[in-house]
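Engineer: Quick one: sequence plus predicted model below, questions after.
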Amino acid sequence: MAIFAKVVAGGSFRIAAKELGIAPSRVSHSVSDLEQFLGVTLLHRTTRKLSLTPEGEKFYAHVENITKHAEAGLNEINSVGDEPIGSLKISLPAFLASSEISAAIAEFVQTYPKVNLSLNYTDQVINIMDEGLDLSIRVGWLEDSSLMARKIGESKRFLVASSKYASKHQPPTHPNDLKQWDWVHFSMRGSTVDFTSPNGEVVCICEKSRVNVNSALAISHFVSENLGLGILPENLVKKQLAQEELIHILPNWQLKPLGYYAVWPNNARRENLTLLLVRFLAKHGLVTAED
């Protein structure tokens with residue numbers, strides 16, 4: 001009955017399966033078994049959508065709160081229990097796979113052995129509600145939304161190029177010197193870049209790019225392949241800069257740092273567990289995290 005309620009709430013077997021963490025085939029079989037047990041058809045199935053039959057509407061009215069009540073019970077137990085228990089589904093940008101945040105998540109798992117985490121590392125923006133996520137870590141500058149959010153830290157951004165590519169140009173002293181350089185552009189960001197000098201001067205230039213990618217890891221790869229300039233977070237370039245595989249271009253000019261945000265639904269199904277992780281990340285994730 002709980003699986004049936006999730007299917008109706010999500011509008012599809014696929015969404016219900018993602019939220020429950022089981023295979024779509026198992027969701028479909030469970031609903032079919034329920035229909036066979038009741039002796040009625042609960043759902044009209046088409047290739048485009050699902051819809052409730054009259055019998056399904058009557059039945060759903062009684063069972064829709066099953067999952068809500070169960071989650072409320074788990075939240076209540078977590079709020080008073082000595083040891084948190086439950087599961088969370090989380091998405092993070094792919095470039096954070098090896099980062100302070102992932103290290104903090106590992107520490108969280110070790111600290112709370114009865115908590116299970118399902119982590120999806122992707123640079124694609126995921127709809128929290130559609131995918132049944134409990135939490136999403138987002139990087140950049142957060143837009144206004146109905147979601148709950150907390151800043152858990154920030155990271156410097158560096159403008160870098162390979163040594164080979166940089167050697168083909170005169171060493172720049174001002175952002176305007178970069179107008180003829182090639183860029184590897186991050187497609188999820190605008191094509192203009194603001195630089196701030198040590199005395200507070202702000203200069204905006206436009207990237208001249210032939211390669212556009214949707215992944216920070218791809219930017220790092222193509223910059224290393226001598227295709228031009230790239231803007232990357234500190235954790236992705238620190239090692240290469242130390243080994244002089246990459247060069248920090250215009251090191252005296254600053255780029256706006258990246259904000260790291262934990263974002264979750266305002267009616268989170270595992271509210272206490274979600275908040276426990278958010279607070280843990282804010283405390284342990286990045287040394288620059290705000291209280």
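Structural biologist: Ah, there it is.

Engineer: so where do the strands sit in the chain?
Structural biologist: 43-45, 50-52, 86-92, 115-121, 135-140, 148-155, 157-162, 183-186, 192-196, 202-206, 209-213, 230-233, 246-248, 258-264 (DSSP state E).

Engineer: can you give me how far the first one is from the chain middle?
Structural biologist: Per C-alpha atoms, centre = their mean, to the nearest Å, the displacement of strand 43-45 from the mean C-alpha position of its chain is 33 Å.

Engineer: quick one: low-confidence ranges for the stretch 1-150 of the chain?
Structural biologist: Across the stretch 1-150 of the chain, the ranges flagged by pLDDT under 70 are 68-69, 71-82, 142-145.

Engineer: one step back: the strands of the chain into CSV, with extra columns for mean neighbour count and distance to residue 14?
Structural biologist: In short, each C-beta sits where N, CA and C put it, glycine included. Compiled in CSV, those are given as follows (neighbours: other C-beta atoms under 10 Å; distance: least, C-beta to C-beta, whole Å):
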stretch, mean neighbour count, distance to residue 14
strand 43-45, 15, 13
strand 50-52, 16, 10
strand 86-92, 20, 14
strand 115-121, 15, 15
strand 135-140, 21, 19
strand 148-155, 19, 26
strand 157-162, 22, 36
strand 183-186, 23, 30
strand 192-196, 15, 39
strand 202-206, 13, 41
strand 209-213, 16, 28
strand 230-233, 25, 33
strand 246-248, 19, 41
strand 258-264, 22, 22
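
Engineer: Can you read off the pLDDT for residue 179?
Structural biologist: With respect to pLDDT, residue 179 has a value of 90.

Engineer: Enumerate every residue touching it.
Structural biologist: Counting by C-beta atoms under 8 Å, 6 or more residues apart in numbering, residue 179 touches 205-206, 208.

Engineer: Many thanks, I have nothing further to ask.
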